[in-house]
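K.L.:
Structure, please.
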Amino acid sequence: MRVPEPPPVLSEVLGELTDPERLLVFGPQVGKLGRDERYLHWDDLRRHPAPEGITHRAWWLAIKLARLPALRPIGLKDKVGQPFKFAVPGSAIEGLHQIDTGAGGLVSVAAPITNPQTRDQYIVSSLMEEAITSSQLEGAVTTREVAKEMIRTGRKPRDTSEQMILNNYATMQRIRELRSAPLTPELLFQIHAMVTKETLEDPKAAGCFRDPSLGLAVMDNEGQVFHEPPAAAELPERMKAMCAFANGESPDYFVHPAVRAIILHFWLAYDHPFVDGNGRTARALFYWAMLRNGYWLFEFISISSILRKAPSEYGRSFLHTETDDNDLTYFLIAQMKVIRRAIVQLHAYIARKTTELHDVESRIRSLSLFNHRQMQLLLNALKHPGRQYTFESHKKSHGVVYQTARADILELEDKNLLEKRKTGNRFVFIAPNDLADRMLQLEKESEM
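P.N.:
Model prediction:
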């Protein structure tokens, strides 16, 4: 990734103007580009044709003057003590509304999400997706299929990559439980320790600030430095300020909760308080903040799966913020786009799975493989994975004799559509999570 060209120094541009009052004429016209959805950085703006009669540098000055009144400072400061600031342009307000209506409150979703028997499947699927892709963003090398097999079967990780993924999965589960807890430095250390368990060269570095005697810089594989975080000696105070911001104790004005969550993500990544695992910890804090503020659908949403498709955009938004007077608006806009894509992706996934379920139901109804009692049991089982059935419950549900109920269920078990377990002195038959796939396989075999 290329480091963007830093913007011109505004005082120097002012000195270059032979007719400063001309900006008053161009201001309303050229300043609009500074406020619209593009919110271009100088490195991008200089590649666009400037309006007639004005240089690119003067154009940039007009844009910066148009942006200034909307920028508001927060408690995060850079290495020389200058505050980071943010604005919420009109397009961002629209994006926040879409996040509010798409992931929080009384958002309407399909039955599989609201059904207690099936929602856990979607949660587990989402947690696995986030755990895998968040680890892959940080260098984990393994396939999604292998990683999911490890999580589902409970086997031990074979290498550091698999350990990273398992750590992320456990951390995301813990974040769901911590949504009501205020953020403290101790809680932050706990999250980092979970994220980095058995993956650091020095195990003692898990759950504590980086060593002040060691230099730290964020760089690419060629050694190009992108970011040098603040001194480690400053971290205790900086983390107190971050926790105050995370808990809504600062600043002294309203910050939209999604904006606060995004800034919290940036804050930890900028301070880089740990020797490793900062990106994963930052994304975990983002989830904590979203769930804490009522965006309940984020139990099912993976932002890392979106970030992994365009990692350079993620990094570029950091660099644009750092190189343009600590303007966090670049990062806000980039992350809001990621969140909106993730929400759309989730709704599309749910719709697809709901359609697939209805399709399976229709196709099974058309088969002559089952009697009407077995059909009703299977349709119920499709909607309630993990539900238990017994000979006695089937007998009562359909008003048949014990032998008929027993024959019905044993035939379904023989066809691999129910799983038999012994509980005490009796057998129970459980609806498997992949029942739809098993029924489709049975349909194929019946057609051969």
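K.L.:
Can you tell me the number of residues neighbouring Asp325?
P.N.:
17 (other Cβ atoms under 10 Å). Every residue, glycine included, has its C-beta placed from N, CA and C.
K.L.:
now it: how far from Ala92?
P.N.:
Between Asp325 and Ala92 the computed distance is 18 Å (Cβ to Cβ, to the nearest Å).
K.L.:
Who are the contact partners of Asn167?
P.N.:
Asn167 makes contacts with 135, 194-199, as judged by Cβ atoms under 8 Å, 6 or more residues apart in numbering.
K.L.:
do the same with Leu346
P.N.:
When contacts are taken as Cβ under 8 Å, 6+ apart, Leu346 is in contact with 126, 297, 300-301.
K.L.:
likewise Phe298?
P.N.:
Residues 103, 287, 290-291 are the ones in contact with Phe298 under the rule Cβ under 8 Å, 6+ apart.
K.L.:
Which SSE is immediately downstream of the longest helix along the chain?
P.N.:
Using DSSP state H, we find that the single longest helix of the chain is helix 329-366. Helices and strands here follow DSSP states H and E; after helix 329-366, the next one along the chain is helix 372-383.
K.L.:
Between helix 329-366 and that next one, find me the angle.
P.N.:
If you take axes from the mean of the first three to the mean of the last three Cα atoms, to 10 degrees, helix 372-383 sits at 170 degrees to helix 329-366.
K.L.:
And helix 372-383, what does it pack against?
P.N.:
Counting contacts by 3 or more Cβ pairs under 8 Å, 6 or more residues apart in numbering; DSSP states H and E, helix 372-383 packs against helix 329-366, helix 391-398, helix 402-414, helix 435-447.
K.L.:
how about a markdown table for those, with mean pLDDT and distance to Ile63 added?
P.N.:
Output for the helices and strands packed on helix 372-383, formatted as a markdown table (pLDDT from 0 to 100; distance: least, Cβ to Cβ, whole Å):
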| stretch | mean pLDDT | distance to Ile63 |
| --- | --- | --- |
| helix 329-366 | 84 | 12 |
| helix 391-398 | 91 | 69 |
| helix 402-414 | 95 | 68 |
| helix 435-447 | 83 | 54 |
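K.L.:
Of all those, which one is nearest Asn425?
P.N.:
Judged by Cβ to Cβ, the one of these that comes nearest to Asn425 is helix 391-398, at 12.6 Å.
K.L.:
what's that closest one packed up against?
P.N.:
Counting contacts by 3+ Cβ pairs under 8 Å, 6+ apart, the secondary-structure elements packed against helix 391-398 are helix 372-383, helix 402-414.
K.L.:
ok, residues contacting the helix or strand Glu94 falls within?
P.N.:
In this assignment (DSSP H and E), Glu94 forms part of helix 90-103. Counting by Cβ under 8 Å, 6+ apart, the neighbours of helix 90-103 from elsewhere in the structure are 35-37, 88, 107, 256, 258-259, 290, 295-298, 301, 329, 332-333, 336-337, 339-340, 343-344, 347.
K.L.:
For ChimeraX, what selects the buried ones among those?
P.N.:
Command for ChimeraX that selects the buried part of the contacts of helix 90-103, burial taken from 16 or more other Cβ atoms under 10 Å:
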select :35,88,256,258,259,290,295,296,297,298,301,329,332,333,336,337,339,340,343,347
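K.L.:
where does this structure dip in pLDDT?
P.N.:
Along the chain, the parts satisfying pLDDT under 70 run over 18-37, 105-124, 219-223, 448.
K.L.:
What are the buried residues along the helix holding Glu94?
P.N.:
In helix 90-103, counting by 16+ other Cβ under 10 Å, buried: 91-92, 95-96, 99-100, 102-103.
K.L.:
Span of stretch 307-314 from start to end?
P.N.:
Taking Cα to Cα, to the nearest Å as the measure, stretch 307-314 stretches 7 Å from start to finish.
K.L.:
give the contact list for the residue nearest the centre of the chain.
P.N.:
By Cα atoms, centre = their mean, the chain has its centre lying nearest to Ile303, at 2.8 Å. Each residue near Ile303 by Cβ under 8 Å, 6+ apart is listed here: 130, 283, 286, 338-339, 342.
K.L.:
For Lys353, state which of these is nearest.
P.N.:
Proximity of these to Lys353 (Cβ to Cβ) peaks at Ala342, which lies at 16.4 Å.
K.L.:
what about the closest one, distance to Pro385?
P.N.:
In this structure, Ala342 lies at 25 Å from Pro385, with Cβ to Cβ as the measure.
K.L.:
What are the buried residues along stretch 247-256?
P.N.:
By neighbour count on 16+ other Cβ under 10 Å, the buried set for stretch 247-256 is 255-256.
K.L.:
my bad, should have said stretch 202-216
P.N.:
For stretch 202-216, by 16+ other Cβ under 10 Å, it's 205-207, 209-210, 216.
K.L.:
Excluding residues flanking it in the chain, which one is nearest Gly277?
P.N.:
On the basis of Cβ to Cβ, 6 or more residues apart in numbering, the spatially nearest residue to Gly277 that is not a chain neighbour turns out to be Thr196, at 4.2 Å.
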